[in-house]
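*Asks:* Turn this into a model:
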Amino acid sequence: MIENDCFFCEWIEDKNRRTQILKNELFMALYDDCPVSPGHSLIIPKRHISNFNLLSSVEWKLLQETIIQVISSIESTDLKNIYQKFLDNPPTEFSTWFCQKAIIHPRINTKPDAYNHGINDGRAAGRTIDHLHWHVIPRFDGDMEDPTGGVRNVIPDMGNYKLPR
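*Replies:* Model (predicted):
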């Protein structure tokens, strides 16, 4: 179902979307044009839904397969070329700074050491587009001084649960 004024529904319908990684019967995956790290990707259900609990069992199964395919693409794509194309014709007013950072990343076009996966399932969780989307964020040894706690770091000072308080 396509929702009016939904940014991601419009992307899904755009046949010329240059950032597309893959498209299957239920999902589309693309490189985020404001990447947190090189290869940062989004997986978006074609069906307009806003929350994770609205995924059907069929969608959940295919999402898992899609995540694996996206990781394979991240690890085999010339990401420097992707971000240079973004810089040649910035998709949004915000993307230039992020793409410049990705291009000069010392590990661009190398296999990530790990991944963060996640969704912002609701406005209080930081979601800005009300269409469910799954983030695949490559991580590299040394990209943060102390990554302990991983996604727990979305709330300042709550990430590293091993620190004495």
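
*Asks:* ok, the nearest residue to Leu79 once chain neighbours are set aside - how many residues close by?
*Replies:* Excluding the flanking residues, the one nearest Leu79 by C-beta to C-beta, 6 or more residues apart in numbering is Pro38, at 4.7 Å. Just so you know, the C-beta spots here come from the backbone N, C-alpha and C atoms, and that holds for glycine as well. Around Pro38 there are 26 other residues, counting by other C-beta atoms under 10 Å.

*Asks:* So for Pro38, what's the pLDDT?
*Replies:* Pro38 carries a pLDDT value of 97.

*Asks:* mind listing the helices for the chain?
*Replies:* Secondary structure of the chain by DSSP state H: the helices cover 7-13, 57-76, 79-88, 95-103.

*Asks:* okay, the first one in PDB with CA atoms only?
*Replies:* Same thing as helix 7-13. In PDB, the C-alpha atoms belonging to helix 7-13 read as follows (Å, rounded to 0.1, in the frame of the first residue of the first chain):
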ATOM      1  CA  PHE A   7       9.100   9.700   1.700                       C
ATOM      2  CA  PHE A   8       9.800   5.900   1.500                       C
ATOM      3  CA  CYS A   9       6.700   5.000  -0.500                       C
ATOM      4  CA  GLU A  10       7.900   7.600  -3.100                       C
ATOM      5  CA  TRP A  11      11.300   6.000  -3.100                       C
ATOM      6  CA  ILE A  12       9.900   2.500  -3.600                       C
ATOM      7  CA  GLU A  13       7.900   3.800  -6.600                       C
END
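
*Asks:* Can you name every helix or strand that the helix or strand bottoming out on mean pLDDT in the chain contacts?
*Replies:* Within the chain, no helix or strand scores below helix 7-13, which has a mean of 84 by mean pLDDT, DSSP states H and E. Other helices and strands packing on helix 7-13, by 3 or more C-beta pairs under 8 Å, 6 or more residues apart in numbering; DSSP states H and E, are strand 27-31, strand 41-45.

*Asks:* Redo those strands as CSV? Include distance to Thr128, mean pLDDT and mean neighbour count.
*Replies:* Below are the helices and strands packed on helix 7-13 laid out as CSV (distance: least, C-beta to C-beta, whole Å; pLDDT from 0 to 100; neighbours: other C-beta atoms under 10 Å):
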stretch, distance to Thr128, mean pLDDT, mean neighbour count
strand 27-31, 16, 94, 24
strand 41-45, 12, 96, 23
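
*Asks:* Save those as TSV, and put in distance to Asn160 too.
*Replies:* Below are those laid out as TSV (distance: least, C-beta to C-beta, whole Å):
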stretch	distance to Asn160
strand 27-31	30
strand 41-45	27
